[in-house]
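> Just to be clear, the model below is a prediction. Sequence and coordinates:
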Amino acid sequence: MEDIGEVPNGEKESIELSKKIRELVEFPEITEREFNELIDKSNGSYGSDLPHKTHSICPETREIVDAVIWERDNRLWISKKCSGEIITDLYYEDVDTYNRFRDLRYDWKLKSHNVENTGVNCPLDCGLCSRHRSHTSLLNIALTNRCNLSCWYCFFYAKENQPIYEPSLEQIRMMLRHGKEEKDIGANAIQLTGGEPTLRDDLIDIIRVCKEEGYSHVQLNTDGIKLAFEPDLAKNVKEAGVNTLYLSYDGMTPQTNWKNHWEIPLILKNVRKAKGPGIVLVPTLIRNINDHEIGDIINFGFNHMDVIRSVNIQPISLVGRTPKKERKRMRITGAGAIKKIEEQTEGAIAREDWYPIPTAGHIARFFEMFLGKRYYMTSHFVCGAATYVFLDDDRVIPIPRFIDVEGFVEFLDEKAEELEKSHSLGKLAKTKVGAELLLKFKKFYDEKYAPKSINVLSLIKNAFLKGTYNALGEFHTKTLFLGMMHFMDDYNYDIERVERCVIHYAMPDGRIVPFCAFNVIPELYRDKVQAQFSYSWEEWKKIKPDWEYRKDKYVRTKSFIEKMKKSEDYRKTYIDIKRYF
Amino acid sequence: MLKRVDFDIGDITPEEARRIQYRLGKDISVYRVFIDPYRKNGFIIFDEEKNIDILREIDHGIQIKNEEKITVEELINRSL
């Protein structure tokens, strides 16, 4: 019998899932007069009260236009006037969370720039210009536009006969060096992405180059297919220096996770065998498609904490032109995802358990004074959120349940101010501050609600006082890190957010560009620069005479699915798992 | 080989500057472009084989101040 198979592309699954509409976001309509009144009432300083004035981009003309963020029915909306029409989209889904996060904002200023543009034409002026307010917390390098899947919505991967983008080892080294050269804080974390980066034959060499160039954290963004079928790949990338597999994982069923549902058991098995790298599950969250499974995805993470370190949720970025009808059906924001998690975990992980990414800026400020280590994560407070969750036997305990995070951050701010005044610290003074920190930390720590099976105080002491990457790693093995990063699109674009972006792309033309400029304005950045530095199909075939397009593609056969359904690996991965909520 | 052209520019609104910069920025032969509507100046770096007529493309009373040839490698190194 013929074993029929196909390259996963998600089209059938998406059509099927789109038929079940559970909820629609009702976008408010406002008139031009109401829009102008909101603009008149609004304040444009970062973190000001609502309505708040910002700037956005017109999806049609790409003009930079005034925009206003305003509140109605406990939701925040962003409105802008483009070509005579008022366009409104959902900005954030909870005013209380927005206000709490806003109070924890942290601003910074980059001191080196890799373009001469001043930013007056932001976001048309990228690389990192004198207006940019964050250093690179995570530097992305796209290694290829070849991919083993053929996702129906993806504009990025190379179709047959199209140019191939694949920077050389020398170009990659140059991009890494540019990240390190940022003043006064160089990049220290790199994400190798694509296309599908595991298709590169020289992946191991590339990872080694990342380590040679001094990157402590190397993350591989992958669909995991190769890791499933090449048992030694996890071990090889780990040994070369990959710390984290940033693994696409969109749901709990073959429909919601059509990319790698059947392969995940093999990926986990191979990573387990190799004892790493740690896995970050990355669900792209879409309303009415997989938002009902987010609690189960987190539960899945808790069940495999020996290999899964984190779940990093990405509410969908509706790239390209998306009709309002589709936006009403699919749009979800960071705050919306947090609410869904609260509902689906029955309050075990509540909205108060989350903190905005720039909270890390307050902590970094203190440790810069104390340890001389500097790594600020000063994104806009709406861009991302995070929390750590302990698993205490069968009990799920988010860290803010037993640590007063706001109180502790306030204390660190006060201490940082004191330290800044005293200029330099001698060894004795540092020890004194360290002792005081530990003593005072107990004030913010509630033993009654803390996990009983883990010595959290000792873990935190190690992570904070050693301040080393390894100490952080030890902390990560005992917790599930939940993260959220909402990348923007044409409709919710907020230039205040781009100015503070911490996740950047290095480009082969020497520039480093914020994620939401690179991907939302591809005609200036991603697509254009990759076209400038691509091989034509003919050139590529000449360099790689044995290469065949179809051999890159992963064909999932019916017999493989049947085999997996009956396998012990599948049962252990999906069926024999606990419910923690 | 790339060509860098620095120029002064006459009256131009920020909207016009962005519109022109965006149009030029999309061109695959352009590697860098900046038009500052406040300081009334700018520059463009492009593949000289494409022979972009800057005077015609930008208009707005443009006056070329300087022209130089640079390689892609030099451009990349200057971006450090």
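Now that the structure is in, tell me what you want to look at.
> Can you give me the neighbour number for whatever residue of the stretch 301-450 of chain A ends up closest to chain B?
Relative to chain B, the nearest point of the stretch 301-450 of chain A is A:Gly320 (16.0 Å; Cβ to the nearest Cβ). The way it works is simple: take the backbone N, C-alpha and C, and place the C-beta from them, glycine included. A:Gly320 has 12 neighbouring residues, counting by other Cβ atoms under 10 Å in any protein chain shown.
> How confident is the prediction for the closest residue in space to it that isn't next to it in sequence, by pLDDT?
Leaving out its chain neighbours, the residue that sits closest to A:Gly320 by Cβ to Cβ, 6 or more residues apart in numbering or on different chains is A:Phe155, at 7.0 Å. pLDDT recorded at A:Phe155 is 77.
> For whichever residue of the stretch 451-581 of chain A sits closest to chain B, which residues are in contact?
Among residues of the stretch 451-581 of chain A, the one nearest chain B by Cβ to the nearest Cβ turns out to be A:Gly510. It sits 3.2 Å away. The neighbours of A:Gly510, taking Cβ atoms under 8 Å, 6 or more residues apart in numbering or on different chains as the test, are A:114, A:127, A:174, A:178, B:75-80.
> could you measure it against B:Ser79, distance?
Between A:Gly510 and B:Ser79 the computed distance is 3 Å (Cβ to Cβ, to the nearest Å).
> Mutual contacts of those two, please.
Between them, A:Gly510 and B:Ser79 share the contacting residues A:114, A:127, A:178, judged by Cβ under 8 Å, 6+ apart.
> when you check chain B, which of these turn up near it?
Contacts with chain B within these, as defined by Cβ under 8 Å from any Cβ of the partner chain: A:114, A:127, A:178.
> The second one - nearest residue in space that isn't next to it in sequence?
Which is A:Gly127. Using Cβ to Cβ, 6+ apart and skipping the chain neighbours, the partner closest in space to A:Gly127 is A:Arg511 (3.5 Å).
> hang on, the one you found packs against A:Asp125?
No - in this structure A:Arg511 lies outside contact range of A:Asp125 using Cβ atoms under 8 Å: 10.3 Å.
> Can you work out which residues contact both of the two?
Shared between the contact lists of A:Arg511 and A:Asp125 (criterion: Cβ under 8 Å, 6+ apart) are residues A:Val115.
> So for chain B, the centremost residue is which one?
With distances taken as Cα atoms, centre = their mean, the residue of chain B nearest its centroid is B:Ile44 (1.9 Å).
> Thought B:Asp53 was touching that one, still the case?
No - under the contact definition of Cβ under 8 Å, B:Ile44 does not touch B:Asp53, with a separation of 11.3 Å.
> Which residue ranges of chain B form strands?
Taking DSSP state E as the criterion, chain B carries its strands at B:2-8, B:30-36, B:41-47, B:63-70.
> Which one of the ones you listed lies nearest to chain A?
By Cβ to the nearest Cβ (comparing all of the strands of chain B), the closest turns out to be strand B:30-36, at 4.2 Å.
> ok and that closest one relative to strand B:2-8, angle-wise?
Angular relation of strand B:30-36 and strand B:2-8 on a 0 to 180 degree scale: 10 degrees, by axes from the mean of the first three to the mean of the last three Cα atoms, to 10 degrees.
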